[in-house]
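Student: let's see this in three dimensions:
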Amino acid sequence: MGKAQKYVLLGDATYPLQDWILKPYQEDENLTQRQLQFNYRLKRAHSVIENAFLRLKARWQILLKCDDCSLELLPTLVLACCILHNICEAHDNPFNEDWLEGTEPTELPKPCQPAPAAMEDGRAEQVRELMCEYFESCGEG
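Tutor: Modelled structure (predicted):
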């Protein structure tokens with residue numbers, strides 16, 4: 001869209017809109033078609049991420065038991081699993097769907113209450129609008 005953007009995290013409605021947290025438009029009857037499309041695509045992207053983490057935990061089941069390792073070790077452990085996963089993919093080591101048995105998708109912790117409007121960053125709306133425009137220019141899907 002002609003404007004450089006930095007990376008953003010995907011959040012849901014409970015997170016404050018920040019220029020680094022992309023969240024959906026608030027669901028109500030006033031949403032435009034393009035805002036509805038944005039929300040739909042954001043939800044699809046979020047589900048892809050959830051599926052990727054589910055597959056990562058299924059392949060590397062040590063990630064299911066991370067409560068018995070130190071917090072300092074956790075980022076290194078996750079990074080190592082990601083690297084090993086990419087090596088497996090690069091060498092055509094197929095993912096076994098049976099590994100998914102017993103690996104339930106877990107609801108990630110998130111705020112209990114929606115963030116107050118005062119926490120929202122006014123510039124972040126420009127980022128969301130730019131992404132909304134981009135999704136609209138991509139067409140259906």
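Student: ranges for the helices of this structure?
Tutor: 33-59, 74-90, 122-138 (DSSP state H).
Student: which elements pack onto the lowest-mean-pLDDT helix or strand in the chain?
Tutor: Each helix and strand of the chain was given a mean pLDDT (mean pLDDT, DSSP states H and E); the minimum falls on helix 122-138 at a mean of 85. Counting contacts by 3 or more CB pairs under 8 Å, 6 or more residues apart in numbering; DSSP states H and E, helix 122-138 packs against strand 21-22, helix 33-59. (C-beta placed from N, C-alpha, C; glycine too.)
Student: quick check: angle from that helix to helix 33-59?
Tutor: Relative orientation of helix 122-138 and helix 33-59, computed by axes from the mean of the first three to the mean of the last three CA atoms, to 10 degrees: 90 degrees.
Student: and helix 122-138, what's buried?
Tutor: Across helix 122-138, burial judged by 16 or more other CB atoms under 10 Å covers 124, 127-128, 131-132, 135.
Student: I figured Lys23 hits Phe38, correct?
Tutor: No: between Lys23 and Phe38 there is no contact under CB atoms under 8 Å: 10.4 Å.
Student: any chance you could list residues touching both of these two?
Tutor: Shared contacts of Lys23 and Phe38 (CB atoms under 8 Å, 6 or more residues apart in numbering): Arg128.
Student: circling back to that earlier point, comparing the helices and strands packed on helix 122-138, which comes out most buried?
Tutor: strand 21-22 (a mean of 20; mean count of other CB atoms under 10 Å).
Student: residues contacting it, please?
Tutor: With CB under 8 Å, 6+ apart, strand 21-22 has contacts from 8-11, 15, 42, 124, 127-128, 131.
Student: can I get the helices and strands packed on helix 122-138 in TSV including distance to Glu101 and mean pLDDT?
Tutor: Formatted as TSV, the helices and strands packed on helix 122-138 follow (distance: least, CB to CB, whole Å; pLDDT from 0 to 100):
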stretch	distance to Glu101	mean pLDDT
strand 21-22	33	90
helix 33-59	8	89
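Student: before I go, just wanted to say thanks for your time.
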